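**Student:** quick one, fold the following:
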Amino acid sequence: MKKRRLGKTGMVVSEIGMGTMTFGSSADEVTSFKIMDKAYDSGIDFYDTAEVYPVPPDAKYVNKTEEIVGKWLKTKHRDSVIIATKVCGPGHGWFSPPVRSGKTALDRHNIVQAIDGSLKRLGTDYIDLYQTHWPDPDMNYEETLYALSELVASGKVRYVGCSNEAPWGLMKSLWASEKNRLVRYESIQNNFSMLNRRFEDSLAEICKKENISLLPYSPIAGGVLSGKYNSEKPPENARFSRYLKLGDRQKKMTNRFLNDLTLKATAEFLKIAKEINMSLTTMSVAWSKQHDFVASTLIGANTVEQLEESLKANDVKLNEETLNKINEVSKLIPYPMG
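**Tutor:** As a prediction, the model looks like this:
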């Protein structure tokens, strides 16, 4: 599997990375091990997790994903695996995470507590990439970066990144980093797929000009771009079929990913995939990793079979004709996820 440099760091990562957010909820420990073994044997060396995983977040099993990844990590040479994890963002906004009594923040106190917990659960003495899970734009970016700089200086963390960040926040962080000679975000992990191309509006330009790497999550839009929701009877155990039965937050997320426009666009993408004799899942992952501002496209799976369709994208390069057809659908149905 080909590798790409992460930001301006000395670290290179596989073009396809393994997301783990369902390990411990939708996928049990045995299945999670099988998925990670398959990914590892296929050349994937980049594994992404978070202290708040698995999803949907729940106090009953929070931290379970890191524990599973940590047990699996012991079966491999540590230096052969690049581990990324995340510290929760603020708990006083859109979401109250089931850690630290929901009173999380991106201050030094929370960051120190979070990293020590993640290191223990992962069974390692360093994290390759430590990311802020979601931003707090009203907080002083310097405080966050000072704390992260201490972690790098201590050897607990190699590099730092952010997730779900906005253009203003990313540029503000870079300014604070340069002004105060602090570590900078080398990566940004945001939602990016054929159904959600908002990253291209401005963040892509920042990434290219500042040499910051995108780590796209949900390249198949939470499973929507597998085409399974376009069938007459979508599977009852599918992610958004289950989310519709949960709380308001999960229902709102479902309505964003799964609506008339996303299904209409997916139907058009299915036609294109059929024309090139490829599954829509494979085409979607291939499309993601062909962008020059992307380092590693993060795929997810609840079964080894699901993983295999994404892995097929490793050797795929979509031609200009196919890319143009995809762009035409995006022009016809712009921003289907809102």
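
**Student:** only C-alpha atoms for contact and neighbour calcs from this point on.
**Tutor:** Fine.

**Student:** tell me the contacts of the spatially most central residue of the chain?
**Tutor:** When Cα atoms, centre = their mean is applied to the chain, the residue found nearest the centroid is Y217 (3.4 Å). Contact analysis of Y217 by Cα atoms under 8 Å, 6 or more residues apart in numbering lists 19, 189-192, 297-299.

**Student:** which SS class is K38?
**Tutor:** Put simply, K38 is helix when judged by DSSP: H, G, I helix; E, B strand; the rest coil.

**Student:** ok, it - contacts?
**Tutor:** For K38, the contacting residues are V304, taking Cα under 8 Å, 6+ apart as the criterion.

**Student:** repeat that for 10 Å
**Tutor:** Listed by Cα atoms under 10 Å, 6 or more residues apart in numbering, the contact partners of K38 are 32, 44, 304, 307-308, 311.

**Student:** same question, D48
**Tutor:** Residues in contact with D48, defined by Cα under 10 Å, 6+ apart, are 17-21, 66, 69, 82-86, 129-131, 215, 217, 298-299.

**Student:** okay, and the beta partners of it?
**Tutor:** Applying DSSP bridges to D48 gives these bridge partners: G19, A84.

**Student:** roughly how far apart are it and Y146?
**Tutor:** In this view, D48 and Y146 are 23 Å apart by Cα to Cα, to the nearest Å.

**Student:** same question, R239
**Tutor:** Taking Cα to Cα as the criterion, R239 is separated from Y146 by 38 Å.

**Student:** try T132
**Tutor:** 13 Å.

**Student:** between the two, which is the more surrounded one?
**Tutor:** Neighbour totals were compared for T132 and Y146, and T132 leads with 27 against 19 (other Cα atoms under 10 Å).

**Student:** tell me the secondary structure for the residue lying closest to the more buried one once chain neighbours are set aside?
**Tutor:** Nearest residue to T132, sequence neighbours excluded (Cα to Cα, 6 or more residues apart in numbering): C162, at 4.7 Å. For C162, the assignment made with three-state DSSP gives strand.

**Student:** now do the same contact list for C162.
**Tutor:** With Cα under 10 Å, 6+ apart, C162 has these contacts: 86-87, 129-135, 169-170, 173, 184-190, 214-215.

**Student:** likewise V183?
**Tutor:** V183 makes contacts with 145-153, 159-161, 173-174, 176-177, as judged by Cα under 10 Å, 6+ apart.

**Student:** buried subset of these as a PyMOL selection?
**Tutor:** Buried members of the contacts of V183, defined by 16 or more other Cα atoms under 10 Å, are picked up in PyMOL with:
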select buried, resi 145+146+147+148+149+150+151+152+159+160+161+173+174+176+177
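
**Student:** K325: which of the contacts of V183 is nearest?
**Tutor:** The shortest separation between K325 and any of these is 33.2 Å, and it belongs to G161 (by Cα to Cα).

**Student:** wait, G155 touches Y126, no?
**Tutor:** Yes. Taking Cα atoms under 10 Å as the contact criterion, G155 and Y126 are neighbours in contact, 6.6 Å apart.

**Student:** what segments of this structure are helices?
**Tutor:** Using DSSP state H, the helices of the chain run over residues 29-41, 64-73, 108-122, 141-154, 167-180, 203-210, 239-243, 248-257, 260-275, 280-289, 304-311, 320-332.

**Student:** quick one on the thing from earlier: and the contacts of K38 as JSON lines, adding neighbour count and pLDDT?
**Tutor:** Below are the contacts of K38 laid out as JSON lines (neighbours: other Cα atoms under 10 Å; pLDDT from 0 to 100):
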{"residue": "S32", "neighbour count": "24", "pLDDT": "98"}
{"residue": "I44", "neighbour count": "25", "pLDDT": "98"}
{"residue": "V304", "neighbour count": "17", "pLDDT": "97"}
{"residue": "L307", "neighbour count": "19", "pLDDT": "96"}
{"residue": "E308", "neighbour count": "17", "pLDDT": "97"}
{"residue": "L311", "neighbour count": "23", "pLDDT": "98"}
